[in-house]
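Engineer: coords please:
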Amino acid sequence: MKNNTIINATLIGDYCAVPLAFDMSENASETLNKLENIPSIEVGIVYNAKNEIFAEFYKNGKKVLVTNHERGDSWNKFEEDFLVVSKPIFYENELAGTIYLRVSTLELTNKIREYIITMGVLLFFLFTINYVLASYLQRILSGPILKLTRATREISNVGNYKLRVQKQGNDEIGLLVEEYNKMLAQIFEREEALKRKTKELTKTLGDLKQMQQKLVNSEKLVALGQLIAGVAHEINTPLGAIRSSIGNIKSALLYVLNEYPRFVTHLPANQKRVFYILVKDSLSKKQLLTSKEERAYKNSIMASLEKHAIKNAYFFADAFVDMMIFENIEKYLDILKAENAEAIFDIAYKITGLQRSIDNIDFAADRASKVVFALKNSSRINSYDEQVLTDVSEGIENVLILYNNQIKHGIEVVRNYKPIPEILCYSDELNQVWTNILHNAIYAMDLKGKLVINVHSDKEYVIVSITDNGKGIPPDEIDKIFNPFYTTKPTGEGTGIGLYISKGIIEKHKGKIEVESKPGKTTFSVYLPIHGSAEG
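Structural biologist: Residues are numbered from 1 along each chain as shown. Reported below is the predicted structural model:
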């Protein structure tokens, strides 16, 4: 409608261009009167260049007031029940005037209303037919499908694959039901086969777990066997110290009981006071000295004694160091200058020796207790213990105690233990990991080298790194060391399952193990989760 109106406005404008140019309004009016043949056009007005009415047409001769005319470029718009179009008229490329048309949209509106009513009636008719057809088809098609749906829901909820749907015909729905029943039969057969296979796999898994536990126990017994000689030595050493200290106590106690009363009775008051100070000072000292420190203290004390012209300075310097007295020697001059000074120091040495022997017994007993405790923790070979909160550093220390006899003769151990949280784990199994890694490190260094143990934590893991400066692992073998029964040791010295078992234990704790190696430096790093460490 808009396009036709624009075309009409353009044509009328072209016809009115010459009358506008020559001011022949009659010709323009005659042209506008032809709009009577177009029923929808109600108003047509030609304006001259001064925007004055040059010619005009009103349907049925009824004049209508036009107030929205604007001079300028072409425009068109719908307003209320009309379409209004305005176009400029040119003559020889100069603006001669403007044509204004107003077209009624009432006829268009009526046609649209008729179309809507017709479409509504048609849609109602179609919906009615569709409803009737749907109701009919539902009884034919939906019934069997709903039965299939109910059967599927029951199978899904109960898992009853013995259920079957009754076939009601030989049409496509009947074929669908038949195939559905065949599918249920196949699923039932496969489910039964799966149950049998699962039962077999469960039994096989149980057998594998038993076999794995036997391998773990075997490897643990091998490791313990390698420690027997060292552990025996570690226990015999403190036992020897205890026996020696008991002998010293017996001899010193007998001498003191016999000689001390007579000795104290005849000792002058000033010497008796200094004697008591000497014994008290010695008993209050519990410092342990290296050989180098002992020599330095003896030389210093001898120089001080010689300065005061004390005879037999070497004897007294040796006695002072044995009694753990290193400073302020001058306060003992009253007994050092006495004629029986050596006898006084001898009985003081024997009295304080009782305390030293008791301290040696206490230290040796504590050492033996630690070895026994470490051996006890490492000797359990079952895997039925419960998870416990464990300090990983303590477990490593227990293993180091068992290896002390191999370590102390030529291996320097550097411990870098930082505070870490306790983790829930199978502590005995982790001790097996530390045993395997430390044993391999000691073996790689041939009992001579440097062993560095770092223990720290981040937000997720407790991290243990064990580094040795041994010969290293060849690059072509480093990817194989965690394979079962693979070993770089000579025949008879290794089972080849230590690291394989260690990796399994760490993975059981949801952790990971990494290794880096080059000649002179091999590092095993173990990552153990802080939260949710071990599998239940």
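Engineer: show me where this protein has strands.
Structural biologist: 41-48, 53-58, 75-79, 82-91, 94-104, 388-390, 411-417, 423-425, 449-457, 461-468, 512-518, 521-529 (DSSP state E).
Engineer: mind checking which of the ones you listed is nearest Asn270?
Structural biologist: Closest to Asn270 of these is strand 411-417 (CB to CB; 50.7 Å). (C-beta placed from N, C-alpha, C; glycine too.)
Engineer: show me what the closest one is packed up against.
Structural biologist: strand 449-457 (3 or more CB pairs under 8 Å, 6 or more residues apart in numbering; DSSP states H and E).
Engineer: if you set the cut-off to 10 Å instead, what comes out?
Structural biologist: helix 392-402, helix 404-407, helix 427-444, strand 449-457, strand 461-468 (3 or more CB pairs under 10 Å, 6 or more residues apart in numbering; DSSP states H and E).
Engineer: can you tell me which of the strands of the chain the model trusts least?
Structural biologist: Among the strands of the chain, strand 75-79 carries the lowest mean pLDDT, at a mean of 81.
Engineer: for that strand, buried residues please.
Structural biologist: In terms of neighbour count (16 or more other CB atoms under 10 Å), strand 75-79 has its buried residues at Asn76.
Engineer: start the count at 38, not 1, going forward
Structural biologist: Got it, the first residue is 38 from now on, which makes the last one we talked about strand 112-116.
Engineer: what strands flank it, and is each parallel or antiparallel?
Structural biologist: strand 119-128 (antiparallel) (DSSP bridges).
Engineer: turn the strands of the chain into JSON lines, including distance to Leu373.
Structural biologist: Shown next, in JSON lines, are the strands of the chain (distance: least, CB to CB, whole Å):
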{"stretch": "strand 78-85", "distance to Leu373": "143"}
{"stretch": "strand 90-95", "distance to Leu373": "147"}
{"stretch": "strand 112-116", "distance to Leu373": "130"}
{"stretch": "strand 119-128", "distance to Leu373": "136"}
{"stretch": "strand 131-141", "distance to Leu373": "139"}
{"stretch": "strand 425-427", "distance to Leu373": "56"}
{"stretch": "strand 448-454", "distance to Leu373": "42"}
{"stretch": "strand 460-462", "distance to Leu373": "59"}
{"stretch": "strand 486-494", "distance to Leu373": "46"}
{"stretch": "strand 498-505", "distance to Leu373": "52"}
{"stretch": "strand 549-555", "distance to Leu373": "61"}
{"stretch": "strand 558-566", "distance to Leu373": "56"}
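Engineer: how many neighbours does Gly557 have?
Structural biologist: Gly557: 11 surrounding residues under other CB atoms under 10 Å.
Engineer: any idea how far it lies from Lys487?
Structural biologist: 10 Å (CB to CB, to the nearest Å).
Engineer: what is in contact with these two at once?
Structural biologist: 505-507 (CB atoms under 10 Å, 6 or more residues apart in numbering).
Engineer: just send those residues back as JSON lines, with distance to Tyr537 and neighbour count too.
Structural biologist: Shown next, in JSON lines, are the shared contacts of Gly557 and Lys487 (distance: CB to CB, whole Å; neighbours: other CB atoms under 10 Å):
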{"residue": "Asp505", "distance to Tyr537": "20", "neighbour count": "26"}
{"residue": "Asn506", "distance to Tyr537": "25", "neighbour count": "19"}
{"residue": "Gly507", "distance to Tyr537": "20", "neighbour count": "22"}
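Engineer: tell me the contacts of the residue sitting furthest away from the middle of the chain?
Structural biologist: Distance from the C-alpha centroid of the chain peaks at Glu63, with 96.4 Å (CA atoms, centre = their mean). The contact partners of Glu63, by CB under 10 Å, 6+ apart, come to 56, 92.
Engineer: how about 8 Å then?
Structural biologist: Pro56 (CB atoms under 8 Å, 6 or more residues apart in numbering).
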